[in-house]
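**Student:** Next come a sequence and a model predicted from it.
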Amino acid sequence: MNTLPSSSPSHADIGEMTARAIARNVRSGAMSAEAVTEVWLDRIAAIDPSLRSFIHHAPEQVRALAAVAPKGPLAGVPFGIKDVIETADMPTGYGSSAYPGWQPCRDAPVVHLARQAGAVVMGKTVSTEFATAAPGATVNPFDAARTPGGSSSGTAAALGAGLILMGLGTQTSGSTIRPAAYCGVAAMKPSPKLIETFGVKALSQTLDVVGPMARDMRDLALLVSVCMRRPELAPDELVPEEKLPLKPMGLFLPVHDPVADFSPLERAASVLASVTTQAVPGWFEGLGAAQDEVFAWEASASLSTDRDLHWDKLLPETHAFMKRQQKGTFALWQAGIAARDHALADLDTLFGKADFLLTPSAPGEAPVGHARTGPATYNIRWTLLGCPTVTIPAGLGPAGMPVGVQLVARPGQDALLLRQAAAVEDVLRAAGIEARPQQMS
């Protein structure tokens, strides 16, 4: 175990640093990746036995990785990878007992990029089975009786508890944005094709994206810059730590939802400038059914091998999911794609004069119980449209649990979205709406 020089930040100080501060210090030689790693290994040892966010975590392996990690943009940053994303040196079980100890022959490209940038992979994080419906063992870091969300439950919970500072999830419906909101962290569903999905357990070629996750927006921008191979998105270029101007936003409330709590969104909107209420186009609600049909037809093909060869090893919730997806037809898939294309042609009606839309990340706080991971009601339409979205931590809800607000941009405007999200986060913090819950201890 490496110890810190007397002039270096203390163990406690390191534990309070952002990912970008750690990377700067490791690159400059002010502290070592090994010393940083020990701080997070201690936290994982203390907290994860009850949180259960990791499906694979081997401290000696992590120490060996830290000793040889490059000093790139993510130098020394504690990192987690969802179990549906392939890794050459750690098992990838896709959240399922059908693949015990499965060891891919190479890293997924997005994992390779993170490693080359210097991230220290602390382990593989829990996923629902095949990133679908069957919850894993992870609990919410702020109330063990509640879900952490899904399917990227392990990464979101580990971030919320401060066991990692960055990580990767995936999203086909709402599997990055929703758990991040439930666990009080930041996350992005990027525009399609901007982050490589090769080496990720496939569900839908139209909908699947890799979802970067971090503890605040500027750390998230740094991670996205690496995953997209776009250095200009890094905080020093995109979101310098100074007051950023807000561009016009439309407050976008879906049709009446009797179970949703919009108070966090309305509270955030009340302190943000240039927010106007946006009309909901008549075609918007129908995109939910369209996403279902696209997902059904494509997932029934993507999971056909598992359905036909591993049925007896799969969980009941996965059986039910597969049976639903098998009801999809090519004609319904075509109709879903046509509905998407019609909506994309009419985005001006959706956005109006606003550059961004401000909308719920989830219907409210994380639900009590672990049988379900919460609804993706406020995510699926943006996923179908390919609109990039972020969830920004926005304080606590009525039960004292984290809540988030979702910011949406037009397809391809990921860079603009990251800058606006950092500005929104700054305003929320200045207004006393705490953007990041206190770490578990």
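**Tutor:** Cool, got the structure.
**Student:** Residue 281 falls within a strand, correct?
**Tutor:** No - under DSSP: H, G, I helix; E, B strand; the rest coil, residue 281 falls outside any strand and is assigned coil.
**Student:** Please look at it and residue 350 and confirm they touch.
**Tutor:** Yes - between residue 281 and residue 350 there is a contact under C-beta atoms under 8 Å: 5.6 Å. Yep, even glycine has a C-beta here, placed from its N, CA and C like the rest.
**Student:** quick one: which of these two has more around it?
**Tutor:** residue 350 (23 against 16; other C-beta atoms under 10 Å).
**Student:** residues contacting that one?
**Tutor:** 278, 281, 284, 343, 357 (C-beta atoms under 8 Å, 6 or more residues apart in numbering).
**Student:** Pick out the residue closest to the middle of this protein.
**Tutor:** Against the mean C-alpha coordinate of the chain, by C-alpha atoms, centre = their mean, the closest residue is residue 176 at 3.5 Å.
**Student:** so the nearest residue to that residue once chain neighbours are set aside is in which element?
**Tutor:** Sequence neighbours aside, residue 211 is the residue nearest to residue 176 in space, at 2.8 Å (criterion: C-beta to C-beta, 6 or more residues apart in numbering). Take DSSP states H and E as the rule and residue 211 turns out to sit in strand 209-214.
**Student:** So what touches the helix or strand just after that strand?
**Tutor:** Note on strand 209-214: by DSSP H and E, the next helix or strand toward the C-terminus is helix 217-227. Applying C-beta under 8 Å, 6+ apart, the contact partners of helix 217-227 are 18-20, 23, 72-74, 110, 113-114, 117, 165-166, 168, 186-188, 190, 195, 210, 212-214, 230-235, 238-239, 241, 390, 392, 414, 418, 421-422, 424-425.
**Student:** how does it look with 7 Å?
**Tutor:** 18-20, 73-74, 110, 113-114, 117, 165-166, 186, 188, 195, 210, 212, 214, 231, 233-235, 238-239, 241, 392, 418, 421-422, 425 (C-beta atoms under 7 Å, 6 or more residues apart in numbering).
**Student:** Those residues, buried ones only, as a ChimeraX selection?
**Tutor:** Selecting only the buried entries of the contacts of helix 217-227 in ChimeraX, with 16 or more other C-beta atoms under 10 Å as the criterion:
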select :18,19,20,73,74,110,113,114,117,165,166,186,188,195,210,212,214,233,234,235,238,239,392,418,421,422,425
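**Student:** Now the helix ranked longest in the chain: buried residues?
**Tutor:** Scanning the chain for the helix with the most residues, using DSSP state H, yields helix 33-51. Within helix 33-51, the residues that count as buried by 16+ other C-beta under 10 Å are 33-41, 43-44, 47-48, 51.
**Student:** swap in stretch 249-262?
**Tutor:** Quick answer for stretch 249-262 (16+ other C-beta under 10 Å): 249-254, 260-262.
**Student:** follow-up on the earlier one: which strands and helices sit next to the strand holding residue 211?
**Tutor:** helix 153-160, strand 166-171, strand 186-189, helix 217-227 (3 or more C-beta pairs under 7 Å, 6 or more residues apart in numbering; DSSP states H and E).
**Student:** Closest one of the buried residues of helix 33-51 to residue 148?
**Tutor:** residue 51 (8.6 Å; C-beta to C-beta).
**Student:** what's the distance between the closest one and residue 251?
**Tutor:** Note on residue 51: its distance to residue 251, by C-beta to C-beta, to the nearest Å, is 35 Å.
**Student:** tell me the pLDDT at the residue nearest to residue 212 when sequence neighbours are not counted?
**Tutor:** With sequence-adjacent residues excluded and distances taken as C-beta to C-beta, 6+ apart, residue 212 is closest to residue 223, at 4.5 Å. With respect to pLDDT, residue 223 scores 98.
**Student:** The strand holding residue 211 pairs with which strands, parallel or anti?
**Tutor:** strand 166-171 (antiparallel), strand 186-189 (antiparallel) (DSSP bridges).
**Student:** That one to helix 153-160, inter-axis angle?
**Tutor:** 20 degrees (axes from the mean of the first three to the mean of the last three C-alpha atoms, to 10 degrees).
**Student:** show me where pLDDT drops low in the stretch 1-150 of the chain?
**Tutor:** Scanning the stretch 1-150 of the chain for pLDDT under 70 picks out the ranges 1-8.
**Student:** all helices in it, in order from the N-terminus.
**Tutor:** 11-15, 19-28, 33-51, 59-68, 109-116 (DSSP state H, counting those that start in this stretch).
**Student:** Turn the ones you listed into TSV, columns for distance to residue 315.
**Tutor:** Formatted as TSV, the helices of the stretch 1-150 of the chain follow (distance: least, C-beta to C-beta, whole Å):
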stretch	distance to residue 315
helix 11-15	36
helix 19-28	34
helix 33-51	21
helix 59-68	28
helix 109-116	26
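**Student:** Those: which one's closest to residue 139?
**Tutor:** helix 33-51 (6.2 Å).
**Student:** now for the closest one, which elements pack on it?
**Tutor:** helix 11-15, helix 19-28, helix 59-68, strand 120-125.
**Student:** which one of the ones you listed is the most hemmed in?
**Tutor:** strand 120-125 (a mean of 29; mean count of other C-beta atoms under 10 Å).
**Student:** That one versus helix 19-28: what angle between them?
**Tutor:** Using the same axes, to 10 degrees: strand 120-125 against helix 19-28 is 140 degrees.
**Student:** Thank you, goodbye.
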